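In: Everything below, folded, please.
(chains A and B)
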Amino acid sequence: MVLQTSLKNCLQLSCIFRTPKAGFRSTTSGGLIIQSVSNDVYENLAVEDWIHDHMNLENQQVLFLWRNSPAVVIGRHQNPWQECNLRLLRQKNIKLARRRSGGGTVYHDLGNINLTFFTNRKKYERTENLKLVVKALKALRPRLDVHVTDRYDILLDRQYKISGTAAKLGRTTAYHHCTLLCNADKLVLSSILKSPYKGLKSNATPSVPASVKNLFEEDPSLTCEMLLDAIAEQYATQHQIDHRITLINPADEVLLPGISNRVKELQNWEWVYGKTPKFSVSTCLHMVYKDSVLEVKVDMDIKHGRIEVCNIGLPEQWLPPALCSELVKSLTGSKFCPNETITLLRVFPQDDELHSRWNLLCENMMMLM
Amino acid sequence: VCIHRVRSCSSIGLVKSKYVCLFDKAAFKFSHQQRLFRTSAVSCGQIVQFKLSDIGEGITEVTVKEWYIKEGDSVSQFDSICEVQSDKASVTITSRYDGIIRKLHYNLDDIAYVGKPLVDIEIDASKGTVKEDVVETPPMSHEEHTHQEIKGHKTLATPAVRRLAMENNIKLSEVVGTGKDNRILKEDILNYLAKQTGAILPPSPKAEIMPPLPKSIPAAPKDKARKIPVPVSRPIVFSGKDKTEPVTGFHKAMVKTMSAALKIPHFGYCDEIDLTQLVQLREELKPVAQIRGIKLSFMPFFIKAASLGLLQYPVLNASLDESCQNVTYKASHNIGVAMDTEQGLIVPNVKNVQVCSVFEIAAELNRLQSLGSAGQLGTNDLTGGTFTLSNIGTIGGTYAKPVILPPEVAIGALGKIQVLPRFNEKGEVCKAQIMNVSWSADHRIIDGATMARFSNLWKSYLENPASMLLDLK
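Out: Model prediction:
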């Protein structure tokens, strides 16, 4: 209760107001529209968490608007190795986040807007929210052919997905969030969401790939700001509240007590990778060594993001058995992550030949991660 | 007799009426074995089937994705029980009751149905009202029963006191009760805790204790006399626990390396270097390097000087085989630089320093540093080192005792550069930029004299950078 008051106090005191269209009438307790000033995916997801856990939504609903710098966001029960190209992700310094809601994997950048509809548990209604978005888009550009599907996607021209949905339900509150593609980088999107990893077997929720299109391609005069404004206006009208968007800063510990801990939790390897449901990797390495190609069968079981069981089928005597078992022993219990594996490279083989074989094997193993 | 007791207990649990079982003193060996055993319908555990409630939107089935509890765990109302997923929605199911989980009806990835049982919960025995004050500690395992008899303790306590004990992981059997019939009071728990942690506790607030013990008022002054007079403050309860986790990844690798290093007989040699001239030289060269896009630190100079030294004393760039039969003098000077990253110690090396210029070394260091901090160093960068320098001085310290990284035979640790007073040739006190170096070497093939001479040579290059020009290759 104290926390709700502090957010309410903020509204009256120090927050910055955007486009006060209806004058300075005091906000009724019907709804609230807030927008994040941060583009950090972890900070914004932490805000969602905070609101879900702390705000009393018995008599009010909240619309949260946010955008992120390049990031891949996977669903609560998904497998990042299955969903995206982690190698490319690391190379391009794109962040990886796991959200707390279900659903599939999406790519965010500043050309994509995110909308979160917070309600109490009873008022949880995804179709209504999406219809609101469609109404807002049509109000902005009446000729846009957009509609909501029964899978809670929004399609453009009956063909292209411009919005995906996910939801989180708690004991008393719930939220439904969705993306909206305005002007995102489609090239990066398609390359990053394609997994190069073979031989993965898992019960994690798989994503359903879809052809996407930016609204910008349909109408180059559209910008993210215009879309945000249109949706906020529609929300304000529907909930009979002021079209007033309150800016919030996810780094504000006073306004959102405990937020920095939530951000840390979301950034933690244990959450992002460690929460992956148990899966197995069964594949074949093709190692090019001198003039031949070696086929090495690899089988691993990975639980909590760590290698639980590891079997590497090397040709006889290619590496001394002691060294092989050394590698398997080191890998077992380690994180399924190239940064961890690389530390295992420090061994003391006797000669260069052995050393280069060892390096080759380690490098190939790292390619699986 | 104990078995008889347990059987009675279970039969009580299934029937809803009240039972009072008084066990005869004579039945036991020890005299103070009287245990007041009054139970209510709820005491021995009524199993309730907690059904999966309506998710909304007409959903009838969900997939169980994660259990937050397991059978035998105790839960409180509103604790999270599991996470289920339905059609892009992830739902956290929370408990409606306080109690102990007795059965999970589904495994991971099973389909669960709305309206059907999700878990069985045994309702908490301490749900009795305040009137029903004297509640026996819940039926425990056979051994604990026996244990309690031997100790001769009656563990009588109100529900509030029992909860306090449970929250602080205290066995009621270990607390001395000072109330009526050796009843355990809240103050007893707090005193017990104080003894554990040495904390100062407030005098007990009266509210919770008063109603059940109207008769103990005359006893109060006596109780008060026993308490330590303390200022009013919040009880400091330390609930920290030790944390054990397996050694993996970086730490595992370090364990391996350092265990191998232990086999090497180390000896140390330390010295002090006057870097006044080098500091000045670097100041002049920094902007030149900046124009070329490279950040110039002191390390490239240290590394190049080391390589020049190794040309004169190649045994320091060698490797001893496992059986100590052969020494291999390595042709390339691949000088490793210890780096502190988020995950731990990592040692990439600059290859072939013997043919690199100071600028080239600086460029390479920049590359390794940025890859290192991004966690993207390759296998080539991390293997093949022949000699290592560790600049611990960037963090702090003067002298150190570095550990040789096998299969190398020597390592140097550089302390921080300090401005200290020194005497110059004229005998005057002047400001000098002093850095300490600590070498460790493998005494099986390197002797003190060699290390000392190498160090002197390295020192002379750095104290008088112009002299490096004479020997630069």
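
In: Which of the residues in the one helix or strand residue B:100 maps to are classified as buried?
Out: In the assignment (DSSP states H and E), residue B:100 maps to strand B:99-104. Buried residues in strand B:99-104, counted by 16 or more other CB atoms under 10 Å in any protein chain shown: B:99, B:100, B:101, B:104. To be clear about C-beta, it is placed using only N, CA and C from the backbone, and glycine gets the same treatment.

In: do stretch A:107-117 as well
Out: Using 16+ other CB under 10 Å as the test for burial, stretch A:107-117 gives A:107, A:108, A:109, A:111, A:112, A:113, A:114, A:115, A:116, A:117.

In: With stretch B:257-269 instead?
Out: Neighbour counts over stretch B:257-269 (16+ other CB under 10 Å) mark B:257, B:260, B:261, B:264, B:266, B:269 as buried.

In: pLDDT of stretch A:126-140, averaged?
Out: Taken as a whole, stretch A:126-140 has an average pLDDT of 94.

In: Please give the centre-to-centre distance between that stretch and its chain.
Out: Relative to the chain's own centre, stretch A:126-140 is displaced by 23 Å; criterion: CA atoms, centre = their mean, to the nearest Å.

In: what does that stretch rub up against?
Out: With contact meaning CB atoms under 8 Å, 6 or more residues apart in numbering or on different chains, stretch A:126-140 is reached by A:115, A:117, A:144, A:146-148, A:152, A:154, A:163, A:165, A:167, A:176, A:178, A:180, A:215, A:222, A:226-227, A:230-231, A:233-235, A:238, B:57.

In: Among those, name the ones in helices.
Out: Taking DSSP state H as the definition of helices, the contacts of stretch A:126-140 contribute A:215, A:226, A:227, A:230, A:231, A:233, A:234, A:235, A:238.

In: And the last one, how far from chain B?
Out: Computed as CB to the nearest CB, to the nearest Å, the residue A:238 to chain B distance reads 20 Å.

In: for that residue, what are its contacts?
Out: Residues near residue A:238 by CB under 8 Å, 6+ apart: residue A:132.

In: So which residue is dead centre in chain B?
Out: By CA atoms, centre = their mean, chain B has its centre lying nearest to residue B:243, at 5.8 Å.

In: among the buried residues of stretch B:257-269, which are in strands?
Out: Among the buried residues of stretch B:257-269, the ones falling in strands (DSSP state E) are B:266, B:269.

In: can you list the buried residues of stretch B:257-269 in JSON lines and add pLDDT?
Out: Shown next, in JSON lines, are the buried residues of stretch B:257-269 (pLDDT from 0 to 100):
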{"residue": "B:257", "pLDDT": "81"}
{"residue": "B:260", "pLDDT": "84"}
{"residue": "B:261", "pLDDT": "86"}
{"residue": "B:264", "pLDDT": "91"}
{"residue": "B:266", "pLDDT": "93"}
{"residue": "B:269", "pLDDT": "95"}
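
In: Name the SS class of the residue nearest in space to the middle of chain A, please.
Out: Nearest residue to the geometric centre of chain A (CA atoms, centre = their mean): residue A:73, 1.2 Å. Of the three states, residue A:73 takes strand under DSSP: H, G, I helix; E, B strand; the rest coil.

In: Surely it touches residue A:101?
Out: No. Applying CB atoms under 8 Å as the test, residue A:73 and residue A:101 come out as separate, 9.7 Å apart.

In: OK, contacts around residue B:338?
Out: B:345, B:346, B:347, B:388, B:389, B:390, B:391, B:392.

In: and the third one, how many neighbours?
Out: What it means is residue B:347. Other residues near residue B:347 come to 22 when the count uses other CB atoms under 10 Å in any protein chain shown.

In: where does it land on pLDDT?
Out: For residue B:347, pLDDT reads 89.

In: The closest residue to it other than its chain neighbours: what secondary structure?
Out: Using CB to CB, 6 or more residues apart in numbering or on different chains and skipping the chain neighbours, the partner closest in space to residue B:347 is residue B:336 (4.5 Å). Counting by three-state DSSP, the backbone at residue B:336 sits in strand.

In: so how far is chain A from residue B:336?
Out: 11 Å.

In: Residues in a beta bridge with that residue, which ones?
Out: On the basis of DSSP bridges, residue B:336 is bridged to residue B:349, residue B:388.

In: picking that back up, buried only: go through the contacts of stretch A:126-140 for me.
Out: When those are checked for burial by 16+ other CB under 10 Å, the buried set is A:115, A:117, A:144, A:146, A:148, A:152, A:154, A:163, A:165, A:167, A:176, A:178, A:180, A:215, A:222, A:227, A:230-231, A:233-235, A:238.

In: Find the residue closest to residue B:346 in space, skipping its chain neighbours.
Out: residue B:339 (5.1 Å).

In: just checking, the one you found touches residue B:365?
Out: No. In this structure, residue B:339 is not within contact of residue B:365 by CB under 8 Å, at 9.8 Å.

In: quick one: the residue nearest to residue B:346 from chain A, how far?
Out: Here residue B:339 is placed at a distance of 12 Å from chain A (CB to the nearest CB).

In: Residue B:331 too?
Out: Distance of residue B:331 to chain A, computed by CB to the nearest CB: 12 Å.

In: which stretches of the stretch 201-350 of chain A aren't confidently modelled?
Out: The stretch 201-350 of chain A contains residues with pLDDT under 70 at A:345-350.

In: in it, which spans are strands?
Out: A:245-248, A:279-289, A:292-303, A:306-313 (DSSP state E, counting those that start in this stretch).

In: Direction included, what does the third one pair up with?
Out: Strand A:292-303 has the following strand partners under DSSP bridges: strand A:279-289 (antiparallel), strand A:306-313 (antiparallel).

In: ok, now the first one?
Out: Using DSSP bridges, the neighbouring strands of strand A:245-248 in the sheet come out as strand A:17-18 (antiparallel), strand A:31-36 (parallel).

In: Check those for me: which has the lowest mean pLDDT.
Out: Among the strands paired with strand A:245-248, strand A:17-18 carries the lowest mean pLDDT (a mean of 35).

In: just the helices in the stretch 1-150 of chain B please.
Out: B:2-14, B:142-151 (DSSP state H, counting those that start in this stretch).

In: And the stretch 201-350 of chain B, by the same measure?
Out: Under the criterion DSSP H, counting those that start in this stretch, helices of the stretch 201-350 of chain B are mapped to B:220-226, B:249-261, B:276-291, B:299-312.

In: Just the pLDDT at residue B:473, thanks.
Out: 72.

In: for the nearest residue to it once chain neighbours are set aside, phi and psi?
Out: With CB to CB, 6+ apart as the criterion, residue B:473 has its nearest non-adjacent residue at 6.7 Å, and that residue is residue B:354. Dihedral angles of residue B:354 (phi, psi; degrees, to the nearest 10) stand at phi -60, psi -20.

In: any idea how far residue B:91 is from residue B:354?
Out: Distance, residue B:354 to residue B:91, by CB to CB, to the nearest Å: 65 Å.
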